[in-house]
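# turn this into a model:
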Amino acid sequence: MVGTQVSARELFRAAYENRYTWDSNFPGYTADVLFTHGDQTVTGRAKVTADLKAEVSGIEDEAVKKAIHSQLWEVAIHRVRRSFEDTHGANTFRYGETLADGSVEILMGGKAEGDRYQVRNNEVSMVHRHIHGVVVTIHTFSSHDTGEGYLSHRYDSVYHDPKTGEQKGGRSDFEDLYEKIGNYMILTERKIFTETDDGLDEQIFQFSNIQLLG
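Residues are numbered from 1 along each chain as shown. Got it, this is the predicted structure:
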């Protein structure tokens with residue numbers, strides 16, 4: 001079994017270092033943005049700076065502006081290149097179970113006690129983390145192979161109360177598309193489908209005319 005050949009820490013580290021990230025020369029970019037939510041369509045401008053700050057302009061609706069800003073920030077945070085030791089140096093790793101699809105469970109200890117992951121084909125295919133007073137669980141179903149690491153393509157997320165285990169809000173399904181602009185993979189479209197009491201809520205964020213800064 002995999003555990004006899006490589007430690008849980010080494011297996012997780014390899015998958016962590018296989019994620020696609022932006023290097024220190026990332027200059028930032030600007031883009032036109034089109035937001036679609038039901039019958040509503042809104043256009044504006046978006047900017048992500050070299051230090052990964054997001055800006056949205058040309059949109060008066062504060063809720064829409066916040067939604068776009070939130071997606072840009074979330075994408076940029078995941079492109080930050082941090083060493084494994086910086087992120088996980090205070091954590092311990094041990095093997096859990098191996099699933100039917102070949103995914104290997106990694107159970108965390110130390111600073112990340114209670115968190116767990118699944119690794120499959122040198123990619124993190126499931127994340128179960130305590131963050132900001134909730135537990136978020138993300139399953140990744142498909143990914144983009146950029147040649148410089150992987151990017152999630154289709155995935156879902158669901159939140160639970162860490163004390164009661166009660167689900168908070170509906171499950172969301174995501175689909176992300178990327179394009180190589182210069183030396184960098186940039187998000188061009190994100191679709192989010194969220195389960196609500198009134199049915200499926202669909203939001204589409206589209207980014208075009210992407211120009212690197214500098």
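
# hey, let's count contacts and neighbours off CA atoms from now on
Noted.

# send the alpha carbons of stretch 11-30 over as PDB?
Provided in PDB are the C-alpha atoms of stretch 11-30 (Å, rounded to 0.1, in the frame of the first residue of the first chain):
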ATOM      1  CA  LEU A  11       2.300  12.400  -0.400                       C
ATOM      2  CA  PHE A  12       0.500  15.500   0.600                       C
ATOM      3  CA  ARG A  13       3.500  17.700   0.000                       C
ATOM      4  CA  ALA A  14       3.800  16.500  -3.600                       C
ATOM      5  CA  ALA A  15       0.200  17.300  -4.300                       C
ATOM      6  CA  TYR A  16       0.500  20.700  -2.500                       C
ATOM      7  CA  GLU A  17       3.500  21.600  -4.700                       C
ATOM      8  CA  ASN A  18       1.600  20.400  -7.800                       C
ATOM      9  CA  ARG A  19      -1.000  23.200  -7.500                       C
ATOM     10  CA  TYR A  20      -0.700  25.900 -10.100                       C
ATOM     11  CA  THR A  21       0.400  29.200  -8.600                       C
ATOM     12  CA  TRP A  22       1.700  32.600  -9.900                       C
ATOM     13  CA  ASP A  23       5.400  33.400  -9.500                       C
ATOM     14  CA  SER A  24       6.900  36.500  -7.800                       C
ATOM     15  CA  ASN A  25       7.000  38.300 -11.200                       C
ATOM     16  CA  PHE A  26       3.200  38.300 -11.500                       C
ATOM     17  CA  PRO A  27       2.300  41.800 -12.700                       C
ATOM     18  CA  GLY A  28      -1.400  41.900 -12.100                       C
ATOM     19  CA  TYR A  29      -4.100  42.400 -14.800                       C
ATOM     20  CA  THR A  30      -7.200  44.200 -15.800                       C
END
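
# quick one: average pLDDT of it?
Stretch 11-30 carries an average pLDDT of 96.

# got the buried residues for it?
For stretch 11-30, the neighbour count (16 or more other Cα atoms under 10 Å) marks 11-13, 15-22, 26-30 as buried.

# ok, stretch 98-112 next?
Those would be 98, 103-108, 112, for stretch 98-112 by 16+ other Cα under 10 Å.

# pLDDT (mean, whole number) over that stretch?
On average, stretch 98-112 scores 94.

# run through who's touching it.
For stretch 98-112, the surrounding residues in contact (Cα atoms under 8 Å, 6 or more residues apart in numbering) are 8, 12, 90-97, 114-121, 125.

# what's the answer for stretch 173-184, then?
Contacts of stretch 173-184 (Cα under 8 Å, 6+ apart): 22, 26, 152-157, 185-194, 210-212.
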